[in-house]
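Novice: Okay, structure incoming, though there's no sequence with it:
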Ligand SMILES: NC(=O)c1ccc[n+]([C@@H]2O[C@H](COP(=O)([O-])OP(=O)(O)OC[C@H]3O[C@@H](n4cnc5c(N)ncnc54)[C@H](OP(=O)(O)O)[C@@H]3O)[C@@H](O)[C@H]2O)c1
């Protein structure tokens, strides 16, 4: 058996939305697996403290200011990473927002807010990464952070679920489109992990009750996302392409 199948040594990873929650945890996991990591987001002070943590642990990391809804910001962030670390060959498209609302009360601007970050942001960042990899004649792996709501439905989540459904379809289609360039595209569909996105809800009685009703009867630990990401990012996942991998303690398999 090949020893270093899961290593990311020599890879340059970019993680969007790495200033908190899932993105920060994934960035740390990628660095531990040997990748040089660019952590991206709008809250630069958060990125700086994550970079300090990684570099003092002997990892190579930089922070880049990135708003995934802004083309110029995307280009500028990729320029910075390319100059400092090299061409991005592992992209984790993780930046996302939620704003649960009844369908009838969802205004056009509510829908735009969700789609601009969760779907179009993911799309434009992937396109920029693909163009640069193709120009550099390098292979790569893109991992889109979708959600269990990319396939399933939940009350009050129509806009968010639609954005993640679009991410899933984009994942499958890009896998086919980019295969000829040696770029694999997969998604991870997390179940529930406590982050700034849902902290307030899971702190309520209703939130705690909900946790007891889902199959694992607990939230995921952020570290439980790292192994699946490394599998998809590394050569260990060389024939995994166009997949949507649930990491949710069987939530997706559950019928209430
Ligand atoms: N937590 C869960 O249970 C769960 C479940 C399924 C899927 N997810 C998905 O996991 C991803 C991460 O969410 P999280 O739970 O870790 O929530 P979080 O802690 O709120 O993190 C969201 C991240 O997205 C970034 N972001 C938001 N808008 C952005 C923009 N316009 N440009 C760049 N970055 C932006 C934020 O960074 P800045 O504010 O610094 O820009 C932040 O780092 C999201 O795609 C979410 O949909 C989460």
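Specialist: Received it, and whenever you're ready, just let me know what you need. Bear in mind that the values here come from a model prediction, so they are computed numbers and not experimental data.
Novice: Show me which positions of the one helix or strand residue 212 maps to end up buried.
Specialist: Residue 212 is located in helix 205-213, with elements delineated by DSSP states H and E. The neighbour-count check on helix 205-213 (16 or more other Cβ atoms under 10 Å) flags residue 207 as buried. Bear in mind the C-beta positions are built from the backbone N, C-alpha and C, glycine included.
Novice: what helices or strands is it leaning on?
Specialist: If you count contacts as 3 or more Cβ pairs under 8 Å, 6 or more residues apart in numbering; DSSP states H and E, helix 205-213 packs onto helix 199-202.
Novice: Could you tell me the average pLDDT over the helix it packs on, please?
Specialist: Across helix 199-202, the average pLDDT comes to 96.
Novice: Other residues contacting it?
Specialist: Outside of helix 199-202, the residues within contact range by Cβ atoms under 8 Å, 6 or more residues apart in numbering are 192, 194, 207, 208, 211, 219.
Novice: Just list the residues touching the third one, thanks.
Specialist: Put plainly, it is residue 207. Counting by Cβ under 8 Å, 6+ apart, residue 207 touches 198, 201.
Novice: again with the fifth one
Specialist: Counting by Cβ under 8 Å, 6+ apart, residue 211 touches 192, 202, 217, 218, 219.
Novice: helices or strands next to the longest helix belonging to the chain in the packing?
Specialist: For the chain, the helix reaching the highest residue count under DSSP state H is reported as helix 158-178. Here helix 158-178 touches helix 108-114, helix 122-136, strand 140-145, strand 183-190, strand 244-247, going by 3+ Cβ pairs under 8 Å, 6+ apart.
Novice: again, only this time at 6 Å
Specialist: In this structure, helix 158-178 makes packing contacts with helix 108-114, strand 183-190, judged by 3 or more Cβ pairs under 6 Å, 6 or more residues apart in numbering; DSSP states H and E.
Novice: and the angle from that helix to strand 183-190?
Specialist: An angle of 160 degrees separates the directions of helix 158-178 and strand 183-190 when computed by axes from the mean of the first three to the mean of the last three Cα atoms, to 10 degrees.
Novice: in helix 158-178, what's buried?
Specialist: Neighbour counts using 16+ other Cβ under 10 Å place 158-168, 170-172, 174-175, 178 of helix 158-178 among the buried residues.
Novice: contact partners of it?
Specialist: Judged by Cβ atoms under 6 Å, 6 or more residues apart in numbering, the contacts made with helix 158-178 from elsewhere in the structure are 98, 103, 106, 111, 114-115, 118-119, 122, 130, 144, 146-147, 149-150, 153, 185, 187, 241-242, 244.
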